[in-house]
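Trainee: what follows is a predicted structure for the sequence shown.
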Amino acid sequence: MSAFRTERRSDPARGKRTKFIFVTGGVVSSLGKGLSSASLGALLENRGLKITHLKLDPYINVDPGTMSPFQHGEVYVTDDGGETDLDLGHYERFSTTKMSRNNNATTGRIYLNVINKERQGEYLGKTVQVIPHITDEIKRFIFSAAEENDIVIVEVGGTVGDIESLPFLEAIRQMKYDVGSENAIYIHLTLVPYISTAHEVKTKPTQHSVMKLREIGIQPDILLCRTDRPLSKEIKDKIALFCSVEPGSVFTAADVQTIYELPLALHEEGLDDRVAELLNIWSRAPRLDKWERIVRAIKEPHREVRIAVVGKYVELTESYKSLNEALVHGGIANDCRVSLDFIDSTQIEQLGAETMLQHADAILVPGGFGIRGTEGKIAAVKYARERKVPFFGICLGLQMAAIEFARNVCGLEKANSHEFDEGTPHPVVSLMEEQKQVTAKGGTMRLGAYPCTLKPGSLASKVYGRQEISERHRHRYEINNAYRAQLEEKGLTASGVNEQLGLVEVIELQGHPYFIGCQYHPEFQSKPFQAHPLFAGFVKAALEQRARKGTSVPPSAQTATAPEIVLPPGAPVAKA
């Protein structure tokens, strides 16, 4: 028998109890469970409730840190150095709550914890089994987030019916019994497709998805129906009847122009009211004026810029999820639509920077790993430096800027990073001393929040409006301090430094209208209602560049609804 059941059933009744909302998905993946969970969190927080989010991922990796961006998308980094699922980025962007490594658990992490306990004898000789030991470990993880929060929103990754998600579903099934039906509800997100040849929406996929969920023992309290059009009352009533859900608990989750419209759309449907009713929550009505302002700024901007993002994962834009959103936030802060050209850096190597970048108002080189495409990124930096196009380099982008400057301004022929050329005569970028003996791949980089002091009067300090900052990192290689004096002598200034470690965090180029690189990832701390200063400043610089050029808005951009994303010619289109 589960330890949680016996303990919690014998606990004396307490006054206020944390409420749990479990979000599952069916039919197909990539329906938007993360965004729906984040939007619900935003609505409940705006009612004055203290919320937090958990993501349960069924894959066996301990965390996504070693997974390819092509397979999994972006790895999101928290202040405490957790490498987590990209949905945690949605959770932080949509609310004021802070995520940590303890907001994301995988099958690998759960099983690792249980195996470690077994090796240490904590199970007192018992046979260790999925039920109750694995499920109790999952519930222990969920309960650990309950303290000091009114609402815990738990998203279960994957799709109902996947074999690997069964322990998680069994654990959340037990939760309603553990905490009481008035303290836990299940929301199921499912697909209601429109069949064009029949000219009608079809409810059968939803019926089958709910049937599968009920076979596991979970009866959903609320159904969120993902569709490309509003659902009629008749369709909702039909779904409610066949899925044994109250008619007032079936909601349309229709496509929206911008993800930041989703909280408004779900509130209009009445989702948060129904959640409050089912959980017996007494709270104020949500204050959604800031979300209305955000949506209005995205849909009705007065200006436009086109920014080239030069990277190596451009065929799957989920790889740069936080980056894309941070650029949108920079646009919101400047009343501006940001249209993005995603340019594969290998194409710059083949076709030249002039051909690929001539229409850009600004150039951004993001982070990444591996040698492929690095020469194209260096060529993009050179183009931005020589043409005085606003430039922003993030992590690897900063390193590419330092290498380009060392080669072409300082005259250090074949300057490179030790990551790409161990025999380079000028390792302008190299491993930190403590990284040289590291052989394990998972969780071994410089991860999480580190302080940085900005040089007074520098561009960085002006953009931030302060000199002491803290930003999140995810990298192994650093600017080599042996070359710092040479770089600075020629005009590439180290304007931000971690004084404890003696490491360069920010560089900028003297005499350039806007040329800045940072070793950290500022995109992880940007929100639609509070754009990160570096992104707001970068978009502002792009606007000024467009004004200098006198560029008219391209016809393709005139019809864009922010942000327009343009993939390079011949790039494969990612499918859900």
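Mentor: Perfect, thanks for sending it.

Trainee: which SS class is L340?
Mentor: Going by DSSP: H, G, I helix; E, B strand; the rest coil, the secondary structure assigned to L340 is strand.

Trainee: ok, D79 next?
Mentor: Using three-state DSSP, the secondary structure recorded for D79 is coil.

Trainee: so what does it look like in phi/psi?
Mentor: phi -60, psi -40 (degrees, to the nearest 10).

Trainee: so what's it closest to, chain neighbours aside?
Mentor: With C-beta to C-beta, 6 or more residues apart in numbering as the criterion, D79 has its nearest non-adjacent residue at 4.3 Å, and that residue is A449. All C-beta spots, glycine's among them, are computed from the backbone N, C-alpha and C.

Trainee: doesn't the one you found fall inside a helix?
Mentor: No - according to three-state DSSP, A449 belongs to no helix; its state is strand.

Trainee: which residues does it form beta bridges with?
Mentor: Per DSSP bridges, the residues bridged to A449 are R472.

Trainee: how about the contacts made by it?
Mentor: For A449, the contacting residues are 79-81, 470-473, by C-beta atoms under 8 Å, 6 or more residues apart in numbering.

Trainee: switch to 7 Å and redo it
Mentor: Each residue near A449 by C-beta atoms under 7 Å, 6 or more residues apart in numbering is listed here: 79, 470-472.

Trainee: show the buried residues in those residues.
Mentor: Burial of the contacts of A449 was assessed by neighbour count (16 or more other C-beta atoms under 10 Å); the buried members are 79, 471-472.

Trainee: just the strands in the stretch 401-550 of the chain please.
Mentor: Along the stretch 401-550 of the chain, the stretches classed as strands by DSSP state E, counting those that start in this stretch are 415-417, 426-431, 446-454, 468-475, 477-479, 492-498, 503-509, 515-518.

Trainee: among these, which is nearest K33?
Mentor: Across the strands of the stretch 401-550 of the chain, K33 has its closest neighbour in strand 468-475 (24.3 Å, C-beta to C-beta).

Trainee: which residue packs closest to V463, ignoring adjacent ones?
Mentor: If the residues on either side of it in the chain are set aside, V463 comes closest to G537, at 4.0 Å by C-beta to C-beta, 6+ apart.

Trainee: let me know the pLDDT of that neighbour.
Mentor: Per-residue confidence at G537 stands at 97 (pLDDT).

Trainee: how much space between it and A460?
Mentor: Relative to A460, G537 is positioned 9 Å away (criterion: C-beta to C-beta, to the nearest Å).

Trainee: okay, and the residue in the chain sticking out farthest from the centre sits in which element?
Mentor: Relative to the C-alpha centroid of the chain, counting by C-alpha atoms, centre = their mean, G125 is the outermost residue, at 41.9 Å. Assessed by DSSP states H and E, G125 sits outside every helix and strand.

Trainee: let me know the pLDDT of it.
Mentor: Listed pLDDT for G125 reads 87.

Trainee: and for E318?
Mentor: The model reports E318 with a pLDDT of 72.

Trainee: what residue ranges in this protein score low on pLDDT?
Mentor: Residues of the chain that meet the criterion pLDDT under 70 lie in 1-16, 69-70, 313-317, 432-444, 551-576.

Trainee: max-length helix in it?
Mentor: For the chain, the longest helix by residue count, based on DSSP state H, is helix 533-549.

Trainee: what are the buried residues along that helix?
Mentor: Along helix 533-549, the positions that meet the burial threshold by neighbour count (16+ other C-beta under 10 Å) are 533-546.

Trainee: re earlier: next up, phi/psi of the residue farthest from the centre of the chain, please.
Mentor: Here is the backbone geometry of G125 (degrees, to the nearest 10): phi 80, psi 0.

Trainee: from D136, how far out is it?
Mentor: Relative to D136, and taking C-beta to C-beta, G125 is found at 17 Å.

Trainee: what do you get for V389?
Mentor: Relative to D136, V389 is positioned 57 Å away (criterion: C-beta to C-beta).

Trainee: who has more neighbours, these two?
Mentor: Legend: neighbour count by other C-beta atoms under 10 Å for V389 and D136, higher for V389 (24 against 17).

Trainee: isn't Y186 up against F22?
Mentor: Yes - under the criterion of C-beta atoms under 7 Å, Y186 makes contact with F22 at 5.0 Å.

Trainee: more neighbours, the two?
Mentor: Shown here are Y186 and F22; by other C-beta under 10 Å, F22 has more neighbours (28 against 23).

Trainee: was I right about K414 contacting G423?
Mentor: No - with contact defined as C-beta under 7 Å, K414 does not reach G423; the gap is 9.0 Å.

Trainee: those two - which one has more neighbours?
Mentor: Comparing K414 with G423 by neighbour count (other C-beta under 10 Å), the higher total belongs to K414, at 12 against 8.

Trainee: wait, is V27 part of a helix?
Mentor: No - with the criterion set as three-state DSSP, the secondary structure at V27 is coil rather than a helix.

Trainee: now it: phi and psi?
Mentor: Note on V27: its backbone torsions stand at phi 80, psi -70 [degrees, to the nearest 10].

Trainee: show me what contacts it?
Mentor: So, once contact is read as C-beta under 7 Å, 6+ apart, V27 ends up touching 190-191, 205, 209.

Trainee: and the gap between it and M211?
Mentor: The gap separating V27 from M211 is 12 Å, by C-beta to C-beta.

Trainee: and if you look at R109?
Mentor: With distances taken as C-beta to C-beta, R109 is found 31 Å from M211.

Trainee: before we move on, what about S39?
Mentor: In terms of C-beta to C-beta, S39 sits 27 Å off from M211.

Trainee: higher neighbour count, those two?
Mentor: Neighbours around S39 and M211, counted as other C-beta under 10 Å, are more numerous at S39. The numbers are 28 against 14.

Trainee: what kind of secondary structure is the more buried one in?
Mentor: helix.

Trainee: cool, the one 10 residues further on as well?
Mentor: Taking three-state DSSP as the rule, one finds L49 in the coil state.

Trainee: residues in contact with the nearest residue to it once chain neighbours are set aside?
Mentor: Of all residues beyond its chain neighbours, the one nearest L49 is D150 (4.3 Å), with distances taken as C-beta to C-beta, 6+ apart. Contact partners of D150, counting by C-beta under 7 Å, 6+ apart, are 18-19, 49-51.

Trainee: before we move on, what about E170?
Mentor: For E170, the contacting residues are 131, 135, by C-beta under 7 Å, 6+ apart.

Trainee: let me know the helix or strand that it is in.
Mentor: Here E170, judged by DSSP H and E, is contained in helix 166-179.

Trainee: send the alpha carbons of that helix over as CSV?
Mentor: Backbone C-alpha positions of helix 166-179 (Å, rounded to 0.1, in the frame of the first residue of the first chain) are rendered in CSV as follows:
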residue,chain,number,x,y,z
LEU,A,166,1.7,5.1,-17.4
PRO,A,167,3.5,5.4,-14.0
PHE,A,168,2.9,9.2,-14.0
LEU,A,169,-0.7,8.7,-14.9
GLU,A,170,-1.1,6.1,-12.2
ALA,A,171,0.5,8.5,-9.7
ILE,A,172,-1.8,11.4,-10.5
ARG,A,173,-4.8,9.0,-10.5
GLN,A,174,-4.0,8.2,-6.9
MET,A,175,-3.6,11.9,-6.0
LYS,A,176,-7.3,12.6,-6.0
TYR,A,177,-7.7,9.8,-3.4
ASP,A,178,-4.8,11.2,-1.3
VAL,A,179,-5.9,14.8,-1.2
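
Trainee: next, the buried residues of it.
Mentor: In terms of neighbour count (16+ other C-beta under 10 Å), helix 166-179 has its buried residues at 166-176, 178-179.

Trainee: closest to L262 out of those?
Mentor: Sorting the buried residues of helix 166-179 by distance to L262 puts I172 at the head of the list, at 23.3 Å, by C-beta to C-beta.

Trainee: tell me how far the closest one lies from L44.
Mentor: Separation of I172 from L44 (C-beta to C-beta) stands at 19 Å.
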